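Colleague: Need coordinates for the below:
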Amino acid sequence: MTIREEKSAFRRSIKSLISSQSSSQLSSQQEKAVQQLLESDLYKKSTTILAYVAQKNEFSLHSLIQEAMGAGKLLALPKCKPHDCSMEFYQLDNQLPYLDQVCAGSYGILEPVSSLPQLDVRQLPESTLVLVPALAFTLQGQRLGKGKGFYDRYLQRIPRSRNDKSLQKVGAAPSSGPLFIGVAYSCQIVETLPVEKTDIPMHYILTPQGPLPIGTIMMK
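Modeller: Model prediction:
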């Protein structure tokens with residue numbers, strides 16, 4: 001079985017596992033995890049947050065987005081470009097409800113309207129948190145996305161001259177620079193995943209216990 005075939009099998013398995021969870025179980029995990037993040041030093045010290053609008057059965061950041069905008073943080077959402085599987089983030093206007101600033105885009109995903117200012121990926125502040133969705137993460141921060149590579153391509157473009165060594169070693173957070181935080185339900189954290197060189201690892205995983213440095217998360 002090739003790596004791509006292994007990934008496809010994992011995706012089917014994880015999707016089935018998520019679907020088997022009750023809505024109350026998933027909502028409870030979301031609330032606890034988001035609250036823990038809001039109370040963390042990572043969030044308090046951040047000035048910029050790259051988030052996303054959740055799809056069906058995806059971990060929702062709705063309350064976090066509202067809280068961050070109310071706190072005056074720079075909040076941005078992604079817009080996909082299907083022709084080359086790339087994406088860019090657009091800054092929301094904190095004076096308006098964020099759901100009034102999105103519309104159905106590629107693949108039916110809610111994306112920011114094009115009239116919003118686009119962030120320069122090369123100029124992201126060091127105090128940026130990048131909240132990354134996925135179908136699964138490992139204890140060491142490896143990530144399994146949905147297969148198009150949008151996030152891997154974007155994360156690869158973020159300048160990280162002081163991050164390079166840390167990304168060569170899976171599990172090491174950088175001493176400075178934007179932090180990549182994987183967002184998932186407990187059932188999406190697995191021991192191993194098939195990975196490729198183009199798969200960008202996370203620095204933290206957001207759990208109901210808070211944003212934990214990868215390598216410190218225990219399987220239940």
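
Colleague: Report the contact partners of the residue nearest the centre of the chain.
Modeller: By CA atoms, centre = their mean, the chain has its centre lying nearest to residue 132, at 0.9 Å. By CB atoms under 8 Å, 6 or more residues apart in numbering, residue 132 lies in contact with 143, 151, 155, 180-183, 202. (C-beta placed from N, C-alpha, C; glycine too.)

Colleague: Now do the helix or strand where it lies: distance to the chain's middle.
Modeller: Using DSSP states H and E, residue 132 falls within strand 128-133. Centroid displacement of strand 128-133 relative to its chain, using CA atoms, centre = their mean, to the nearest Å, is 4 Å.

Colleague: May I have the strands that pair with that strand, each with its orientation?
Modeller: strand 48-50 (parallel), strand 179-183 (parallel) (DSSP bridges).

Colleague: Pull the residues that contact the first one.
Modeller: Translated: strand 48-50. Applying CB under 8 Å, 6+ apart, the contact partners of strand 48-50 are 64, 68, 73-78, 89, 119, 124-125, 127-131.

Colleague: can you pull out the helices in the protein?
Modeller: With helices called from DSSP state H, the chain shows them at 3-19, 23-38, 41-45, 62-70, 150-157, 164-168.

Colleague: Residue 109: which of those is closest?
Modeller: Ranking these by their distance to residue 109 (criterion: CB to CB) puts helix 150-157 first, at 10.2 Å.

Colleague: how about that closest one: buried residues?
Modeller: By 16 or more other CB atoms under 10 Å, the buried positions in helix 150-157 come out as 150-152, 154-155.

Colleague: Stretch 13-27 too?
Modeller: Judged by neighbour count using 16+ other CB under 10 Å, the buried positions of stretch 13-27 are 14, 18, 26.

Colleague: List of residues touching it?
Modeller: Contact with stretch 13-27 is made by 57, 59, 135-136, 144, 185, 187-188, 190, as judged by CB under 8 Å, 6+ apart.

Colleague: end to end, how far does that stretch reach?
Modeller: For stretch 13-27, the first-to-last residue distance is 21 Å (CA to CA, to the nearest Å).

Colleague: what's the answer for stretch 76-88, then?
Modeller: So stretch 76-88: terminal residues 9 Å apart, CA to CA.

Colleague: biggest strand in this protein by residues?
Modeller: Identified as the longest strand of the chain according to DSSP state E is strand 74-81.

Colleague: pLDDT on that one, on average?
Modeller: Averaged across strand 74-81, pLDDT comes to 96.

Colleague: between the strands paired with strand 128-133, which gets nearest to residue 42?
Modeller: Minimum separation from residue 42 across the strands paired with strand 128-133 (CB to CB) falls at strand 179-183, 6.7 Å.

Colleague: Only the buried residues of that closest one, if you could.
Modeller: Of the residues in strand 179-183, 179-183 count as buried by neighbour count, 16+ other CB under 10 Å.

Colleague: Stretch 25-35 now?
Modeller: For stretch 25-35, burial by neighbour count (16+ other CB under 10 Å) applies to 26, 29-30, 33-34.

Colleague: Just give me the closest of those residues to residue 210.
Modeller: Residue 210 lies nearest to residue 33 out of the buried residues of stretch 25-35, by CB to CB, at 7.5 Å.

Colleague: on that earlier part again, residue 115 is nearest to which of the strands paired with strand 128-133?
Modeller: Closest approach to residue 115 among the strands paired with strand 128-133 (CB to CB): strand 48-50, 18.9 Å.

Colleague: low-confidence ranges in this protein?
Modeller: In the predicted model, the chain carries pLDDT under 70 at residues 160-176, 215-220.
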